[in-house]
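Undergrad: please find the sequence and the predicted model below.
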Amino acid sequence: MPAEAAATAKNVIILVGDGMGASHTTLARWYKGGPLALDEMVSGAVRTYSAESLITDSAPAATAFATGYKSNDKFIGIAAASVTVPGAASLNAGDQYRPLATVLEGAKLLGKATGLVATSNLQHATPAAFSSHWHSRSNYEEIGKQQVYEQIDVAFGGGKKYLLPKEQGGTRKDGLNLLDELKNMGYTIVSNTQELLQTKASKVWGLFADDAMAYDFDRDPAKEPSLAQMTRKAIEILSQDPDGFFLFVEGSEIDWASHANDPVGVISETLAFDAAVKEALDFAKKDGQTLVVAFTDHGNGGMSIGNKASDNTYSKLSFEQVIEPLRKARLTGQGVEARLNADRSNIVEVMARYYGISDLTEEEIAAIRQAKPGSLNYVIGPMISKRAYIGWTTNGHTGEDVFLYSYGPGKLTGTVENAEIARKVAAAMGLDLTWLNKELFIPVRQAFKDAAITWDNSNPNLPKVIIERGGKRAELPVGTNLMRINGQKHYLPGVIVYSEPKGVTYVPRAATELLN
Ligand SMILES: [Zn+2]
């Protein structure tokens, strides 16, 4: 049975501001000069640790809140192999490395429309953990393939090149053109803001950048929609489904600006994320049947309002001393880099005009001149931080508890584990995750006990499982939801997942019935 109890929410929207700690929202609010949409939704706290570290990376964090199980570093929708942190639920030995069903996949089985929105490439860890299963977050080829065959109704973000073969300007070594495959499956593909806003289609992939989309402050609004525009459009499309919908939205790059210690990027991305939260919240208020849950997966940078230079002056530090240097910047550190000319002869002018720093020292100019391409934000972020008394302790993630924000039927409150979020969201939809795992991931030898099972590696880029029984021959291409029986194509309700460390392929239970 899909349900343990009756559903409380028809629709669910989860929004994650990646790497968005408490100082991030505080600073963004001061900069904005008014409340954030998030503010009225504060409902508790989230413990973010993974199965093996007090400081999680995005992949195990997202696996936890997408599937209900804390996991290991790099794992995307895959069960932990090692659980060492006290208090993290241990798994049965046989479950190590097995794929774990996600709340998005569950929503789909309940007949709901599903959507995925991110500003990173869609194959990046957090959106990936809702929509694919692999033990390494960097395998964009496999993750991208699975996401296409998950048949998500709406997917908006970056990452076009990971869906195209090398010969067509992409990165895929398996030769697949997944954009063509999406079109074959009836999807409309949009690639700029106008196309997004105008489409009336119900199944849409929007790919607005080859890789990640731009930071919001640096964005060309004609080419790339904002996170709020993508969220609004996703809700507009998905809410047509009479069975309801599940939507996941990520403000992906708050995290990246934090790694770089660039407070301007943090503000740009936190405000863009908050505007997307407002879209979700406004819809939920009108609709009355929508649960909205927002949070971050982890802290990042140890950003603080106040630094060592304010040790003795913090209680006299004015609003202007902190906020004015930041308000003078018009672009993020990354956006500033794009304005520097090739020989970097315009540093002084560009830094004054776009980053608001007109008192660069000789040492700072030299550091900017020497900055490696693609890393200028790591060099100038600390420069503006110093001028605004913003402190940082690390270029990595941090392990503190974070805010939980929630609104609507089934609202989450109190201090929760990140993994509990998936279980509570599933319960709100009337979805039993234990049932779901049995429905979507059965080891192939268990699913077809009396059949001849072989592995067709004749094309190593497109391995297939071959099942032969009673005169029927089924082909199951791994990483897709396709099942060809005596040449006839069927779509399964979930993807076929090969767990490489385990050497086991998993298929949805429906595959067994199709062969009968
Ligand atoms: Zn993250």
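TA: Structure received. Numbering: from 1, shown residues only.

Undergrad: just grab the bridge partners of K472 for me.
TA: Note on K472: beta-bridge partners by DSSP bridges are R469.

Undergrad: next to the ion, which bits of this protein? Give me the list.
TA: D18, S58, D255, D297 (C-beta under 5 Å from the ion). (Glycine included, C-beta is placed from N, CA and C.)

Undergrad: go with 8 Å
TA: 16, 18-19, 56-58, 61-62, 125-126, 255, 296-298, 300, 397 (C-beta under 8 Å from the ion).

Undergrad: ok, of those residues, which one's closest to the ion?
TA: Taking C-beta to the ion as the measure, S58 is the one of the residues of the chain next to the ion closest to the ion, at 3.0 Å.

Undergrad: tell me how many other residues crowd the closest residue to that closest one other than its chain neighbours.
TA: With sequence-adjacent residues excluded and distances taken as C-beta to C-beta, 6 or more residues apart in numbering, S58 is closest to A125, at 4.0 Å. By other C-beta atoms under 10 Å, 26 other residues sit near A125.

Undergrad: now stretch 471-487: mean pLDDT?
TA: Confidence over stretch 471-487 (mean pLDDT, whole number) is 96.

Undergrad: cool, stretch 430-441 as well?
TA: 97.

Undergrad: buried residues, that stretch. List them.
TA: Across stretch 430-441, burial judged by 16 or more other C-beta atoms under 10 Å covers G430, L431, D432, L433, W435, L436, N437, E439, L440, F441.

Undergrad: could you do stretch 2-19 as well?
TA: 2, 7, 9-19.

Undergrad: endpoints of it, how far apart?
TA: End-to-end distance of stretch 2-19: 33 Å, with C-alpha to C-alpha, to the nearest Å as the criterion.

Undergrad: again, but for stretch 390-397
TA: 17 Å.

Undergrad: in that stretch, which residues are buried?
TA: For stretch 390-397, the neighbour count (16+ other C-beta under 10 Å) marks I390, G391, W392, H397 as buried.

Undergrad: can I get these in CSV including secondary structure, pLDDT and distance to H135?
TA: Shown next, in CSV, are these (DSSP: H, G, I helix; E, B strand; the rest coil; pLDDT from 0 to 100; distance: C-beta to C-beta, whole Å):
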residue, secondary structure, pLDDT, distance to H135
I390, strand, 98, 37
G391, strand, 98, 36
W392, coil, 98, 32
H397, strand, 98, 20
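
Undergrad: now distance to G333 too, for those, in CSV please.
TA: Shown next, in CSV, are the buried residues of stretch 390-397 (distance: C-beta to C-beta, whole Å):
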residue, distance to G333
I390, 13
G391, 17
W392, 13
H397, 19
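
Undergrad: follow-up on the earlier one: between the buried residues of stretch 2-19, which is nearest L515?
TA: Comparing the buried residues of stretch 2-19 against L515 with C-beta to C-beta picks out P2 as the nearest, at 23.1 Å.

Undergrad: for that closest one, report the pLDDT, please.
TA: We note a pLDDT of 79 for P2 in this prediction.

Undergrad: does it touch L431 like I think?
TA: Yes: using C-beta atoms under 8 Å, P2 makes contact with L431 at a distance of 5.9 Å.

Undergrad: identify the contacts common to these two.
TA: Both P2 and L431 are contacted by G106, L109, L110, under the criterion C-beta atoms under 8 Å, 6 or more residues apart in numbering.

Undergrad: follow-up on the earlier one: between the buried residues of stretch 2-19, which sits nearest the ion?
TA: Using C-beta to the ion, the buried residues of stretch 2-19 come closest to the ion at D18, 4.1 Å.

Undergrad: which non-adjacent residue is nearest V348?
TA: That would be L360: by C-beta to C-beta, 6+ apart, it lies 6.3 Å from V348.

Undergrad: on that earlier part again, so the residue nearest to S58 is in contact with A59, correct?
TA: Yes: A125 is within contact range of A59, at 4.4 Å (criterion: C-beta under 8 Å).

Undergrad: pull up the overlap in contacts between these two.
TA: Joint contacts of A125 and A59 (C-beta under 8 Å, 6+ apart) are I76, R137.

Undergrad: tell me which element R484 falls in.
TA: strand 482-485 (DSSP states H and E).

Undergrad: hmm, I typed the wrong one, I wanted I235.
TA: Element membership for I235, per DSSP H and E: helix 227-238.

Undergrad: and that helix, what's buried?
TA: Buried, per 16+ other C-beta under 10 Å, within helix 227-238: L227, A228, Q229, M230, T231, R232, K233, A234, I235, I237, L238.

Undergrad: now do the helix or strand that comes right after it: distance to the chain's middle.
TA: Later in the chain than helix 227-238, the nearest helix or strand by DSSP H and E is strand 245-251. Between the centre of strand 245-251 and the centre of its chain there are 9 Å (C-alpha atoms, centre = their mean, to the nearest Å).

Undergrad: strand 245-251: partners in the sheet, and parallel or antiparallel?
TA: Paired with strand 245-251 in the same sheet, following DSSP bridges, are strand 11-17 (parallel), strand 113-121 (parallel).

Undergrad: CA-only coordinates of the longest one in PDB, if you can.
TA: Listed in PDB are the C-alpha atoms of strand 113-121, where the atom choice follows Å, rounded to 0.1, in the frame of the first residue of the first chain:
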ATOM      1  CA  ALA A 113       3.100  15.900 -11.600                       C
ATOM      2  CA  THR A 114       6.800  16.400 -10.700                       C
ATOM      3  CA  GLY A 115       9.300  19.200 -11.200                       C
ATOM      4  CA  LEU A 116      12.900  20.000 -10.700                       C
ATOM      5  CA  VAL A 117      14.400  23.500 -10.700                       C
ATOM      6  CA  ALA A 118      18.000  24.600 -10.000                       C
ATOM      7  CA  THR A 119      20.400  27.400 -11.000                       C
ATOM      8  CA  SER A 120      23.300  25.000 -11.200                       C
ATOM      9  CA  ASN A 121      23.500  22.300 -13.900                       C
END
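
Undergrad: residues contacting the residue nearest to G391 when sequence neighbours are not counted?
TA: Leaving aside its sequence neighbours, G391 sits nearest to N307 (C-beta to C-beta, 6+ apart; 3.2 Å). Residues counted as contacts of N307 (C-beta under 8 Å, 6+ apart) are S385, K386, Y389, I390, G391, W392.

Undergrad: any stretches of this structure with poor pLDDT?
TA: Along the chain, the parts satisfying pLDDT under 70 run over 1, 4.

Undergrad: longest helix of it?
TA: The residue-count maximum for a helix in the chain (DSSP state H) belongs to helix 263-287.

Undergrad: buried set for that one?
TA: Residues 263-281, 283-284 are the ones in helix 263-287 that count as buried (16+ other C-beta under 10 Å).

Undergrad: neighbour-wise, give me the winner out of the shared contacts of P2 and L431.
TA: Neighbour max across the shared contacts of P2 and L431 (other C-beta under 10 Å) = G106, 28 neighbours.

Undergrad: all strands of the stretch 301-450 of the chain, in order?
TA: Counting by DSSP state E, counting those that start in this stretch, residue ranges of the strands within the stretch 301-450 of the chain are 304-305, 390-391, 397-398, 402-407, 414-417, 442-443.

Undergrad: could I get those as a markdown table with distance to R484?
TA: Converted to a markdown table, the strands of the stretch 301-450 of the chain look like this (distance: least, C-beta to C-beta, whole Å):
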| stretch | distance to R484 |
| --- | --- |
| strand 304-305 | 57 |
| strand 390-391 | 57 |
| strand 397-398 | 43 |
| strand 402-407 | 44 |
| strand 414-417 | 42 |
| strand 442-443 | 19 |
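
Undergrad: out of those, which is closest to L326?
TA: Using C-beta to C-beta, the strands of the stretch 301-450 of the chain put strand 390-391 closest to L326, at 8.1 Å.

Undergrad: which other residues reach that closest one?
TA: Applying C-beta under 8 Å, 6+ apart, the external contacts of strand 390-391 come out as L27, P263, G302, M303, S304, I305, G306, N307, K308, V322, I384, S385.
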